[in-house]
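> Predicted coordinates and the sequence they were generated for:
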Amino acid sequence: MRKTLLESLTHGSLTEPAPAPDDSALAELAAKVDRAAQARLGRSLAIREVDAGSCNGCELEIHALSNAFYDVERFGLRFVASPRHADVLLVTGPVTKNMRQALERTYNATPDPKWVVAVGGCAIDGGIFRGSYACVGGVSETVPVDLHIKGCPPSPTDLLKGLLALLEHVSGKR
Amino acid sequence: MGILDSIPHVHAVPSHRPWPRAVVTEVGWQAAIDRLVEGGLTLLGFWGEPTAVHMAMLDGGSAEIAVVTYECTAGAFPSVASRHPPALRLERTIHDLFGLVPDGADDLRPDLRPDLRPWLDHHAWGQSYPLSGRNASRDVRPYQFLPAEGEALHQVAVGPVHAGIIEPGHFRFTANGEHVVRLEQWLGYTHKGIEQLMQGADLEAAAKLANRTSGDSAVAYAFAFARAAEAALDIQVPRRANHLRALMAELERLANHFGDIGAICNDASFALMHAQTGILRERTLRAADAAFGHRLMMDVVVPGGVARDIAADGLMALRTLLAEINKVFPRLIELYDNTASLQDRTVTTGIVKADYARQFGAGGYVGRASGRGFDARRTLAYAPYDELSFEVPVLDTGDVNARVWIRIREVEQSVGLIAQILDLMEPGEIRTAPAAGRGGCEGLALTEAFRGDVLAWLRLDGELRVERCHLRDASWFQWPLLETAIEGNIIADFPLCNKSFNCSYSGADL
């Protein structure tokens, strides 16, 4: 263990510079985020991730945000265990009919002001599962969505760009 | 002697490859169940059609597989689960999707009556029996969890939305103080209706669906689906394509094992390991991206071969990755082995009994940590593993620690496999075009995903469209074992046990 720790000290940081926020995401947010809400939050967002029926691909990349390369916490973005602690719901999946009620309840349990970010192709319109008897198809058909992050699954960099856009916008920097 | 020699059957289906499928009457069906109950055969899969049910079975000794089919002319079939528990969730699913009734009504012993509680069907679809082709209504009563009664017992309900970034499912714990006396899982929250979406899809669209059955096993599913289609169409895949497929499959295994080893340690509050394996996982995904253009390598394995060759700088990316793993990983193994606080949590925790692993045909690290040596890459020796040298690690303590060690040993084996493939690879074709005009053919394949064997069965029509496809994740036979593994452990050890299994929700819900 000592060797591993010492080497970690002498090695440079793996963490990469932050990508620029996604321009299209900023445009999408400009139309949606309430100015009054912006003043109430600092440069910090608590995120509750909700898998509403994804294949788990998006979750794998959301997990990657916490690794040494992306280190999402340096931006004040934190994943929290309860919707009660959350500012943001990060929702994946084509929203299966079996998850619709749970997603609604999670949304209702999240205090205002709150934002919903739909992650991945399925979360936008059901993706390849669109039209199934078992899927609602798109997060916005169940709860209001403020931002979409595309990709199947979106890479951690794509996720970071979208979340940084949200952070920048919410904190009123731009 | 073949499996079907000891099972009376009406006729074999000629277009089913590479293993036989035979139609049986009740006598044959019961004979097949007898063989499962005796332990001579292992249940590999059990799935429905509007008017038939199929069971795939493995003879572990001879590595032979056979499928038996019972035609449900009266909408019912003799229950398998009431005699052979591993079939239980599959049987409930068949009822949910097709409305076929497992028949055991003549059995007066209540424990042995078929379990018709809904499994995937949470009464939210707006229709009952969606794949039956008919509209029938179903009794809608609140879900009944199995009882556990006693003065000191209390229940803890968890999910479907969990505290971490994980898939949705519901766990109902009954506990006596801190000790779990019963865990019952109820899944189905991620049911997306994949089997119906498959029907009528062309091979390309169906392969995409297969890829997204369980995102962490995208390659394994695509590989299994492609092999089932190739078996049905009786086409050979170019040698280079097989090598590329195995490269991807082993990269996927590496990425997942790194993620799991770290996550298990993290659940035992040892975050350093999580940070270190997180780096290795990310490096693996980046190498995969450099080589195959997608971090999870989705949509690269396709029926007939692979959709794209390895990128020009992909070989170098993979060699650099292997060097990094060889440098760092031995130190992490030592760290795991020498950290008493970790051992304290993982040793003797969440034991899966060898008998259960064998009875349920548990695949992957769950089976191999409990003495079941089955590995589709070795036992069924599909290409290119038939020409590669590797070991299948097996332990018999069956605890969380053993499941970690199996992963550690498998990482070493995968590194060796990737190195061998890189040395063996020669230039060549990467795809054989599927031949049109072969009507009504059927194929079956098993591919080893990181968590165990994925089964793919399909029937194609003359236009190369999928008539019926069934995909079975290893998790179907692992989830029930998690229920047994947690018994007698404390609730606080559940995350550790659960992570050491890392069963798929999406793969089991479809």
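Structure's in. What do you need?

> Check which helix or strand the residue most central in space within chain A maps to.
Ranked by distance to the mean C-alpha position of chain A (C-alpha atoms, centre = their mean), the top residue is residue A:90 at 3.9 Å. For residue A:90, the element it lies in under DSSP states H and E is strand A:88-92.

> What's the first helix or strand after that strand?
helix A:97-109.

> What pLDDT is listed against whichever residue of chain A sits closest to chain B?
Going by C-beta to the nearest C-beta, chain B is nearest to residue A:57 of chain A, at 2.8 Å. To be clear about C-beta, it is placed using only N, CA and C from the backbone, and glycine gets the same treatment. For residue A:57, the model assigns a pLDDT of 97.

> That one contacts residue B:298, doesn't it?
Yes: look at residue A:57 against residue B:298 with C-beta atoms under 8 Å: they come within range, at 7.3 Å.

> For those two, work out which one has more neighbours and name it.
When residue A:57 and residue B:298 are compared for neighbours, residue A:57 comes out ahead with 26 against 21, by other C-beta atoms under 10 Å in any protein chain shown.

> ok so residue B:27 is a helix residue?
Yes: counting by DSSP: H, G, I helix; E, B strand; the rest coil, residue B:27 falls inside a helix.

> Disregarding flanking residues, what is the spatial nearest neighbour of it?
In space, and not counting its chain neighbours, residue B:27 is closest to residue B:8: 5.3 Å by C-beta to C-beta, 6 or more residues apart in numbering or on different chains.

> my guess is that neighbour meets residue B:25, correct?
Yes: contact between residue B:8 and residue B:25 holds when scored by C-beta under 8 Å: they sit 7.5 Å apart.

> counting contacts, what elements does the strand holding residue A:90 pack onto?
If contacts are counted by 3 or more C-beta pairs under 8 Å, 6 or more residues apart in numbering or on different chains; DSSP states H and E, strand A:88-92 sits against strand A:45-51, helix A:57-64, helix A:97-109, strand A:115-119, helix A:121-125.

> Give me whichever of those is most buried.
Neighbour counts (mean count of other C-beta atoms under 10 Å in any protein chain shown) averaged over each of the helices and strands packed on strand A:88-92 peak at strand A:115-119, with a mean of 26.

> What segments of the stretch 151-300 of chain B are strands?
Using DSSP state E, counting those that start in this stretch, the strands of the stretch 151-300 of chain B run over residues B:153-158, B:170-176, B:179-186.

> buried residues in the last one?
Within strand B:179-186, the residues that qualify as buried are B:180-183, B:185-186, counting by 16 or more other C-beta atoms under 10 Å in any protein chain shown.

> For it, list the C-alpha coordinates in PDB.
The C-alpha coordinates for strand B:179-186 follow below in PDB (Å, rounded to 0.1, in the frame of the first residue of the first chain):
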ATOM      1  CA  HIS B 179     -29.900 -10.200  10.900                       C
ATOM      2  CA  VAL B 180     -31.600 -10.900   7.600                       C
ATOM      3  CA  VAL B 181     -33.900 -13.900   7.900                       C
ATOM      4  CA  ARG B 182     -35.400 -13.500   4.400                       C
ATOM      5  CA  LEU B 183     -34.800 -11.500   1.400                       C
ATOM      6  CA  GLU B 184     -37.200 -11.400  -1.500                       C
ATOM      7  CA  GLN B 185     -36.500  -9.600  -4.700                       C
ATOM      8  CA  TRP B 186     -39.100  -8.300  -7.100                       C
END
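
> Next to chain A, which bits of the stretch 201-350 of chain B? Give me the list.
Residues of the stretch 201-350 of chain B lying close to chain A by C-beta under 8 Å from any C-beta of the partner chain are B:205, B:208-209, B:212-216, B:218, B:259, B:272, B:275-276, B:278-279, B:281-282, B:285, B:295-296, B:298, B:331-332, B:335, B:338-339.

> Which single residue in the stretch 101-250 of chain B comes nearest to chain A?
Closest point on the stretch 101-250 of chain B to chain A, by C-beta to the nearest C-beta, is residue B:215, at 2.8 Å.

> and which of the buried residues of strand B:179-186 is nearest to residue B:44?
Residue B:44 has its nearest neighbour among these in residue B:185, at 21.5 Å by C-beta to C-beta.

> measure the closest residue to residue B:269 other than its chain neighbours to chain A for me?
Leaving aside its sequence neighbours, residue B:269 sits nearest to residue B:341 (C-beta to C-beta, 6+ apart; 7.5 Å). According to C-beta to the nearest C-beta, to the nearest Å, residue B:341 and chain A sit 11 Å apart.

> quick one: low-confidence ranges for the chain?
I went with chain A, as the question did not name one. Along chain A, the parts satisfying pLDDT under 70 run over A:30-42, A:172-174.

> Chain B, not that one
For chain B, applying pLDDT under 70 flags the ranges B:1, B:105-112, B:436-437.

> again, only this time at 50
Within chain B, no range satisfies pLDDT under 50.

> what's the longest helix in it?
helix B:239-267 (DSSP state H).

> Centre of the chain to that helix, how far?
Here helix B:239-267 is found 15 Å from its chain centre; the criterion is C-alpha atoms, centre = their mean, to the nearest Å.

> and the angle for that helix with helix A:57-64?
Orientation check (axes from the mean of the first three to the mean of the last three C-alpha atoms, to 10 degrees): helix B:239-267 against helix A:57-64 gives 50 degrees.

> Tell me how far the nearest residue to residue A:86 once chain neighbours are set aside lies from residue B:42.
In this structure, residue A:86 finds its nearest non-sequential neighbour in residue A:48, 3.6 Å apart by C-beta to C-beta, 6+ apart. Distance of residue A:48 to residue B:42, computed by C-beta to C-beta, to the nearest Å: 41 Å.

> okay, now residue B:27: neighbour count?
Neighbour count of residue B:27, defined by other C-beta under 10 Å: 12.

> now the one 4 residues further on
Using other C-beta under 10 Å, residue B:31 is surrounded by 16 other residues.

> In a strand, it, correct?
No: using three-state DSSP, the assignment for residue B:31 is helix, not a strand.

> wait, it sits on residue B:3?
No: applying C-beta under 8 Å, one finds residue B:31 not in contact with residue B:3, separated by 10.6 Å.

> residue contacts, residue B:266?
Residue B:266 makes contact with B:273-274 under the criterion C-beta atoms under 8 Å, 6 or more residues apart in numbering or on different chains.

> Excluding chain neighbours, what is closest to residue B:324?
residue B:283 (5.8 Å).

> thinking again about what came up before, quickly list what's touching both of residue A:57 and residue B:298.
Contact criterion C-beta under 8 Å, 6+ apart; residues shared by residue A:57 and residue B:298: A:152, B:212, B:218.

> Make sure the last one is actually in contact with residue B:255.
In other words, residue B:218. No: using C-beta under 8 Å as the test, residue B:218 is too far from residue B:255 to be in contact (10.7 Å).
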